[in-house]
Every structure is written in C-alpha cells, then in structure tokens.
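**Q** pasting the structure only:
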C-alpha cells in the first residue's frame with residue numbers, strides 16, 4: 001500500500017432486512033435472522049444509487065479502532081507500509097463510525113457517537129427508534145438538517161439497561177434516519193450484564 005491509499009474511504013450505504021417477498025431475512029437454518037446473521041442488511045441496488053446519507057470511514061479510522069482493542073505498532077504494520085502510532089487518547093471501540101451499533105457488555109449506560117455524510121440533495125432527517133427489549137435508547141439530536149452535499153453531522157446514541165434481568169443474551173433493535181424518501185438504518189445489538197441497582 002502506498003501513501004495515496006491512506007485517503008481511500010469505506011462508505012456504508014443503507015440496506016434492508018427483508019427479502020424480495022417482504023419476509024424477514026433468514027439465517028442458515030431458515031429461522032428468522034438477526035443482525036449477527038445479516039449485519040446492516042441486504043443491499044438494495046436501486047436505493048444504493050441514491051442512499052441520501054452514508055457512514056464514511058477512512059483507513060485511519062480502522063487503525064484507531066485496532067488501537068482501541070489492543071493492537072500495537074508492530075501488529076499495525078501488517079496493515080500499513082509505514083509506522084502508525086496509536087493516539088495517546090484511544091477511541092472507544094464502539095465509536096467506530098460503522099452503521100451497526102454493538103455494546104457487548106452493557107452495565108448501566110453508555111453513549112455511542114456516529115457521523116453521517118450527506119451524499120444527496122439538501123434534506124432534514126428525523127430518527128425513529130425501535131429499542132431492544134429491556135433497553136432504553138435515546139438519540140440526540142432527533143433531527144439532522146443537511147444543507148449541502150458532503151456535509152457531515154454527528155449524533156449521539158444513549159443506551160441504558162432498564163432492568164436487571166441477569167444479562168447473558170443479546171437483544172436487538174434498530175434506529176432509522178429518514179427524510180421521507182431515504183431510509184438509513186442501523187441495527188442496535190446489546191448484551192446487558194447483571195446490574196446492581
């Protein structure tokens with residue numbers, strides 16, 4: 001990889017979680033799938049031509065994510081051809097600007113950040129939330145107004161366990177940003193550990 005490649009980005013576009021027959025996507029055993037099976041969903045080619053908003057990631061974002069889960073400079077050299085030093089203040093792993101939002105061990109509450117980039121016409125997007133069972137999900141702000149192409153807006157997702165059910169199982173939800181024409185969805189995956197209330 002040469003230096004030019006460090007400016008490449010990965011762009012995640014909206015996808016759907018239903019089949020062409022409008023049935024839930026199935027897993028390998030033909031049972032109804034969950035975000036572990038289908039990620040952010042199956043790609044809809046027609047909608048992908050005009051997604052409205054995207055989650056934009058750079059190679060540096062991925063490297064910082066690897067730093068956050070314990071990779072050192074020697075291990076990172078496997079991925080880049082020049083030395084990369086991890087930031088002195090590492091990012092939190094759950095803040096990787098990925099469309100899926102996963103909290104593998106929630107005890108209490110956590111705030112996750114994401115950034116959306118406008119790749120369409122100016123529009124105002126409003127969020128809809130389907131919270132995982134037993135979990136409170138609040139998004140701030142609830143509306144994002146984009147006035148030009150390539151404009152970026154950050155939002156925060158506050159996730160909190162509402163009850164002490166012992167944890168140990170993942171629960172699933174979803175948030176969707178929409179301007180009425182575009183639907184930009186993110187699965188929410190949470191495993192709440194035992195809470196001491």
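**A** Ah, there it is. What you see is a predicted model; the values in this text were computed from it and never measured.
**Q** Output the below-cut-off pLDDT ranges for the protein.
**A** In the predicted model of the chain, residues 1-22, 24-28, 37-44, 163-167, 194-197 satisfy pLDDT under 70.
**Q** could you show me where the strands are in it, in order?
**A** Secondary structure of the chain (DSSP state E): strands at 9-12, 15-16, 42-43, 53-58, 101-106, 109-118, 123-130, 135-140, 143-146, 152-161, 170-178, 183-192.
**Q** just those: most buried one?
**A** Neighbour counts (mean count of other C-beta atoms under 10 Å) averaged over each of those peak at strand 183-192, with a mean of 22. Yep, even glycine has a C-beta here, placed from its N, CA and C like the rest.
**Q** Can you check what angle separates it from strand 53-58?
**A** Angle of strand 183-192 versus strand 53-58, following axes from the mean of the first three to the mean of the last three C-alpha atoms, to 10 degrees, is 60 degrees.
**Q** can you give me how far strand 183-192 is from the chain middle?
**A** How far strand 183-192 lies from its chain's middle: 7 Å, per C-alpha atoms, centre = their mean, to the nearest Å.
**Q** which secondary structure elements does it contact?
**A** Applying 3 or more C-beta pairs under 8 Å, 6 or more residues apart in numbering; DSSP states H and E, one finds that strand 183-192 contacts helix 35-38, strand 101-106, strand 135-140, strand 152-161, strand 170-178.
**Q** Please identify the pairing partners of it and their relative orientation?
**A** With DSSP bridges as the test, strand 183-192 is paired with strand 101-106 (parallel), strand 170-178 (antiparallel).
**Q** Would you tell me which helix is longest in this structure?
**A** Longest helix of the chain, by residue count under DSSP state H: helix 59-68.
**Q** helices or strands up against that helix?
**A** Using 3+ C-beta pairs under 8 Å, 6+ apart, the elements in contact with helix 59-68 are helix 73-76.
**Q** Might one say that residue 128 is in contact with residue 178?
**A** Yes. Contact criterion C-beta atoms under 8 Å: residue 128 and residue 178 qualify, at 6.8 Å.
**Q** mind giving me CSV with the strands of the chain and columns for distance to residue 23?
**A** Shown next, in CSV, are the strands of the chain (distance: least, C-beta to C-beta, whole Å):
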stretch, distance to residue 23
strand 9-12, 24
strand 15-16, 12
strand 42-43, 12
strand 53-58, 26
strand 101-106, 25
strand 109-118, 29
strand 123-130, 18
strand 135-140, 26
strand 143-146, 31
strand 152-161, 28
strand 170-178, 17
strand 183-192, 17
